[in-house]
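Visitor: below is the structure, and that's it, no one-letter string:
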């Protein structure tokens, strides 16, 4: 299993709002100096989390693993390319 870490901005989401949704694999929630939620998960396939991560838009940033950050960046550039041609 891989551990996935990300930051969820406290500008739009509180811990209570986050916990209300179904997140059975969550291992840890902490706060950083900006009072943002630091969340970690152990998952078998981090790529399966990409749609869930993207629903938070710019309010979320995957910190680790690097290969997941790279995949999300690549996917977002592809989306930008599609809409730029439109």
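Guide: Noted; the coordinates are in hand. Here the structure is a predicted model, which means the values were calculated and not measured. Numbering: from 1, shown residues only.
Visitor: what ranges does the protein have for its helices?
Guide: Remark: helices of the chain, listed N- to C-terminal, are 15-20, 50-54, 66-85; assignment by DSSP state H.
Visitor: in stretch 63-72, what counts as buried?
Guide: By neighbour count, with 16 or more other C-beta atoms under 10 Å as the criterion, the buried positions of stretch 63-72 are 68, 72. Where C-beta positions appear, they are placed from N, C-alpha and C, glycine not excepted.
Visitor: please shift the residue numbers so they start at 12 in all later answers.
Guide: Will do, 12 is the new start, and the previous item becomes stretch 74-83.
Visitor: pipe the helices of the chain into CSV and attach mean pLDDT and distance to residue 50 per row.
Guide: Written out in CSV, the entries for those read as follows (pLDDT from 0 to 100; distance: least, C-beta to C-beta, whole Å):
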stretch, mean pLDDT, distance to residue 50
helix 26-31, 62, 8
helix 61-65, 88, 11
helix 77-96, 91, 14
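Visitor: just send those helices back as JSON lines, with distance to residue 41 too.
Guide: As requested, these are exported to JSON lines (distance: least, C-beta to C-beta, whole Å):
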{"stretch": "helix 26-31", "distance to residue 41": "10"}
{"stretch": "helix 61-65", "distance to residue 41": "18"}
{"stretch": "helix 77-96", "distance to residue 41": "19"}
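Visitor: figure out which of those is closest to residue 46.
Guide: For the helices of the chain, distance to residue 46 was read as C-beta to C-beta. The smallest value, 10.0 Å, belongs to helix 26-31.
Visitor: circling back to that earlier point, among the helices of the chain, which is nearest residue 44?
Guide: Judged by C-beta to C-beta, the one of those that comes nearest to residue 44 is helix 26-31, at 15.9 Å.
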